[in-house]
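J.: Got a predicted structure plus its sequence, pasted below:
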Amino acid sequence: MIIGINNLNGCGLWYINMALFEKDGNIYFVDRNMNEENELFYERANFIVCLCVRGEDYENCVRYSNMYMNRKYLKCEYGRDVLDVLEEMEYCVHH
(Lines give C-alpha, C1' and ligand atoms only; values in the text may rest on other atoms or scores of the structure.)
Protein backbone atom coordinates (compact mmCIF):
# COMPACT_ATOMS: atom_id res chain seq x y z
CA MET A 1 0.00 0.00 0.00
CA ILE A 2 1.44 3.37 -0.99
CA ILE A 3 1.08 6.02 1.68
CA GLY A 4 3.09 9.07 0.70
CA ILE A 5 3.45 11.31 -2.32
CA ASN A 6 5.74 14.34 -2.55
CA ASN A 7 6.00 17.22 -4.99
CA LEU A 8 9.64 17.69 -5.93
CA ASN A 9 10.71 21.32 -5.52
CA GLY A 10 7.26 22.57 -6.48
CA CYS A 11 8.01 21.89 -10.15
CA GLY A 12 5.09 19.55 -10.76
CA LEU A 13 7.12 16.33 -10.69
CA TRP A 14 5.58 13.80 -8.32
CA TYR A 15 7.07 10.67 -6.87
CA ILE A 16 5.98 8.09 -4.34
CA ASN A 17 8.36 8.28 -1.42
CA MET A 18 7.16 5.73 1.12
CA ALA A 19 5.32 2.46 1.42
CA LEU A 20 3.76 0.55 4.26
CA PHE A 21 4.63 -3.11 4.80
CA GLU A 22 3.13 -5.61 7.25
CA LYS A 23 4.90 -8.72 8.49
CA ASP A 24 4.08 -10.90 11.48
CA GLY A 25 1.57 -8.36 12.80
CA ASN A 26 4.01 -5.45 12.69
CA ILE A 27 3.72 -2.47 10.36
CA TYR A 28 6.79 -0.83 8.84
CA PHE A 29 7.03 2.42 6.88
CA VAL A 30 9.94 2.31 4.45
CA ASP A 31 11.17 5.41 2.63
CA ARG A 32 11.99 5.06 -1.03
CA ASN A 33 15.31 6.42 -2.25
CA MET A 34 15.12 9.12 -4.91
CA ASN A 35 14.83 7.57 -8.39
CA GLU A 36 14.72 4.04 -6.95
CA GLU A 37 12.96 1.59 -9.28
CA ASN A 38 9.94 -0.26 -7.90
CA GLU A 39 11.53 -3.71 -8.08
CA LEU A 40 14.69 -2.54 -6.30
CA PHE A 41 12.69 -0.64 -3.70
CA TYR A 42 10.62 -3.70 -2.82
CA GLU A 43 13.73 -5.87 -2.61
CA ARG A 44 15.41 -3.37 -0.28
CA ALA A 45 12.22 -2.97 1.78
CA ASN A 46 11.99 -6.75 2.15
CA PHE A 47 15.58 -6.75 3.44
CA ILE A 48 14.65 -4.11 6.03
CA VAL A 49 11.40 -5.71 7.15
CA CYS A 50 12.82 -9.24 7.44
CA LEU A 51 15.60 -7.98 9.70
CA CYS A 52 13.33 -5.75 11.80
CA VAL A 53 11.07 -8.72 12.50
CA ARG A 54 14.16 -10.48 13.91
CA GLY A 55 14.78 -7.57 16.29
CA GLU A 56 17.37 -5.52 14.40
CA ASP A 57 17.33 -1.73 14.83
CA TYR A 58 15.31 -0.06 12.04
CA GLU A 59 17.84 2.69 11.24
CA ASN A 60 20.64 0.14 11.14
CA CYS A 61 18.59 -2.01 8.75
CA VAL A 62 17.99 0.97 6.46
CA ARG A 63 21.70 1.82 6.41
CA TYR A 64 22.73 -1.75 5.63
CA SER A 65 19.93 -2.19 3.08
CA ASN A 66 21.51 0.54 0.96
CA MET A 67 24.93 -1.10 1.26
CA TYR A 68 23.37 -4.47 0.38
CA MET A 69 21.81 -3.05 -2.79
CA ASN A 70 24.98 -1.14 -3.72
CA ARG A 71 27.04 -4.28 -3.33
CA LYS A 72 24.59 -6.49 -5.22
CA TYR A 73 23.78 -4.21 -8.16
CA LEU A 74 26.59 -1.66 -8.35
CA LYS A 75 29.39 -4.03 -7.27
CA CYS A 76 30.52 -1.64 -4.52
CA GLU A 77 33.17 -2.96 -2.17
CA TYR A 78 33.25 -2.57 1.60
CA GLY A 79 35.70 -3.40 4.37
CA ARG A 80 35.71 -6.81 6.03
CA ASP A 81 33.87 -5.51 9.12
CA VAL A 82 30.96 -4.25 6.98
CA LEU A 83 30.99 -7.38 4.79
CA ASP A 84 30.74 -9.62 7.85
CA VAL A 85 27.62 -7.79 9.02
CA LEU A 86 26.11 -7.72 5.51
CA GLU A 87 26.70 -11.44 4.98
CA GLU A 88 25.08 -12.27 8.31
CA MET A 89 22.09 -10.05 7.48
CA GLU A 90 21.76 -11.57 3.99
CA TYR A 91 21.72 -15.03 5.52
CA CYS A 92 18.93 -14.03 7.92
CA VAL A 93 16.86 -12.50 5.12
CA HIS A 94 17.10 -15.58 2.92
CA HIS A 95 16.54 -18.21 5.64
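T.: All right, it came through fine. Numbers count the residues shown, from 1 in each chain.

J.: Phe29 belongs to a strand, doesn't it?
T.: Yes - under DSSP: H, G, I helix; E, B strand; the rest coil, Phe29 falls within a strand.

J.: That one contacts Leu20, correct?
T.: Yes - counting by CB atoms under 8 Å, Phe29 does reach Leu20; the two are 5.7 Å apart. Placement of C-beta: from N, CA and C, glycine included.

J.: where's stretch 66-80 relative to the chain centroid, distance-wise?
T.: In terms of CA atoms, centre = their mean, to the nearest Å, the centre of stretch 66-80 is set 13 Å apart from its chain centre.

J.: buried sites along that stretch?
T.: Met67, Tyr68, Met69, Arg71 (16 or more other CB atoms under 10 Å).

J.: I'd like the average pLDDT over it.
T.: Mean per-residue pLDDT for stretch 66-80: 97.

J.: Quick check: pLDDT value at Asn46.
T.: Looking at Asn46, its pLDDT stands at 94.
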